[in-house]
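*Asks:* Sequence first, then the predicted structure:
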Amino acid sequence: MAKFRKKPVVIEAWHLTFNSECSTAPGWMTDALLHWPEMNSANFLPDGNEISLQPRIEIKTLEGTMNALPGDWIIKGIHDELYPCKPDIFELTYEPVD
């Protein structure tokens, strides 16, 4: 069986954190957002009980709408497609470019 190596490709990426604000995101990211929710880690039910919700943003991808959680990277691919990437996978796959 033949073996192949992935060609080196330079991508753009933006790191989503709990402190991320829409104003810090690149234009390609804000254009893709379905909405920019408040990045709160807890919400309250009408009876006052706290429920913990994982903050997230929803982005349009070629495969449909996907959730990106704090810590994830949002990658802009070579055809301007967007997709979220978990931080451990991002670290194994990508390295900074000067």
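*Replies:* Thanks, I have the structure now. Here the structure is a predicted model, which means the values were calculated and not measured.

*Asks:* can you tell me the helix or strand for the one residue sitting closest to the centre of the chain?
*Replies:* If you average the C-alpha coordinates of the chain and look for the closest C-alpha using CA atoms, centre = their mean, you land on residue 74, 3.4 Å from that point. For residue 74, the host element (DSSP states H and E) is strand 73-76.

*Asks:* Need the CA coordinates for that strand. CSV is fine.
*Replies:* Presented in CSV, the C-alpha positions along strand 73-76 are these (Å, rounded to 0.1, in the frame of the first residue of the first chain):
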residue,chain,number,x,y,z
TRP,A,73,-9.8,26.8,17.6
ILE,A,74,-11.9,28.0,14.7
ILE,A,75,-10.0,27.2,11.5
LYS,A,76,-10.4,28.8,8.1
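
*Asks:* so what strands line up beside it?
*Replies:* For strand 73-76, sheet partners with direction are given as strand 12-15 (antiparallel), strand 82-85 (antiparallel), following DSSP bridges.

*Asks:* Tell me which of those is the most buried.
*Replies:* Mean neighbour counts were compared across the strands paired with strand 73-76 using mean count of other CB atoms under 10 Å; the top stretch is strand 82-85, at a mean of 19. Quick note: C-beta positions are derived from backbone N, CA and C, even for glycine.

*Asks:* after it comes which helix or strand?
*Replies:* Toward the C-terminus, strand 82-85 is succeeded by helix 87-93 as the next helix or strand (DSSP H and E).

*Asks:* buried set for that following helix?
*Replies:* Going by neighbour count (16 or more other CB atoms under 10 Å), the buried part of helix 87-93 is residue 90.

*Asks:* packing partners for that helix?
*Replies:* Counting contacts by 3 or more CB pairs under 8 Å, 6 or more residues apart in numbering; DSSP states H and E, the secondary-structure elements packed against helix 87-93 are strand 73-76.

*Asks:* contacts for the strand it packs on?
*Replies:* Outside strand 73-76, the residues that touch it by CB atoms under 8 Å, 6 or more residues apart in numbering are 11-16, 26, 28-29, 59, 68, 82-85, 87, 90.
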